[in-house]
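Student: got a predicted structure here, sequence first:
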Amino acid sequence: MTPEETDAALRVLCRWARLFAGWQLGTRLKGDPECDAVRDHRELSLLLRCELSALTGLLVEKGIFTVEEYSNALGREAAEMNSDFENRYPGAKATPDGLSLNLKKIREAGWMEGWKP
C-alpha cells in the first residue's frame, strides 16, 4: 500500500468509532461533548490496535521475536496490569466471569466516592 492508501484505509476504519460511540451513549448530535470524547477515544483504540498488530507482525516476520515469546510477554503484562488495577481499586476484582465488586471494601477505600450513580 502507498502511504496515501494506508491513510485512506485508516480513515475508513475510524468511521466505526461513530457506531461504537452510539452504542455506548445512544444517538447524539454531532458536537455533543460527551459523544465527541467517546468517539475520539474509540478512534484512538482502533488506531492503536492496528498499529500494534502491524508492528507485532513485522517484528515476527523479521525474526526479532517469535509469536510464542510475544504471547508470553503479553500474558505477563496483562497479569501485571490486572494486579495493578486490583491494588489501585481495592474491592474490585476481574475474573473470567466478569468484574466482582465488594461494596464494603470499596466504601472503606473511598475510591468510588463522587461517581455518577
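Tutor: Looks like it came in fine.
Student: any chance you could map the helices in the protein?
Tutor: Per DSSP state H, the chain carries helices over the ranges 3-13, 16-25, 33-61, 67-88, 103-109.
Student: tell me the angle the second one makes with helix 33-61.
Tutor: Per axes from the mean of the first three to the mean of the last three C-alpha atoms, to 10 degrees, the angle that helix 16-25 makes with helix 33-61 is 130 degrees.
Student: packing partners for helix 16-25?
Tutor: helix 33-61 (3 or more C-beta pairs under 8 Å, 6 or more residues apart in numbering; DSSP states H and E). Backbone N, C-alpha and C define where each C-beta goes, glycine included.
Student: okay, buried residues for the helix it packs on please.
Tutor: Of the residues in helix 33-61, 35, 38-39, 42-43, 46 count as buried by neighbour count, 16 or more other C-beta atoms under 10 Å.
Student: quick one, which of the helices of the chain is nearest to Pro96?
Tutor: helix 67-88 (11.5 Å; C-beta to C-beta).
Student: give me the contacts around that closest one.
Tutor: The list of residues contacting helix 67-88 from outside it, by C-beta atoms under 8 Å, 6 or more residues apart in numbering, reads 56, 59-60, 92-94, 111.
Student: switch the cut-off to 10 Å
Tutor: 56-57, 59-60, 64-66, 92-95, 109, 111 (C-beta atoms under 10 Å, 6 or more residues apart in numbering).
Student: for stretch 101-113, same thing?
Tutor: With C-beta under 10 Å, 6+ apart, stretch 101-113 has contacts from 88-93.
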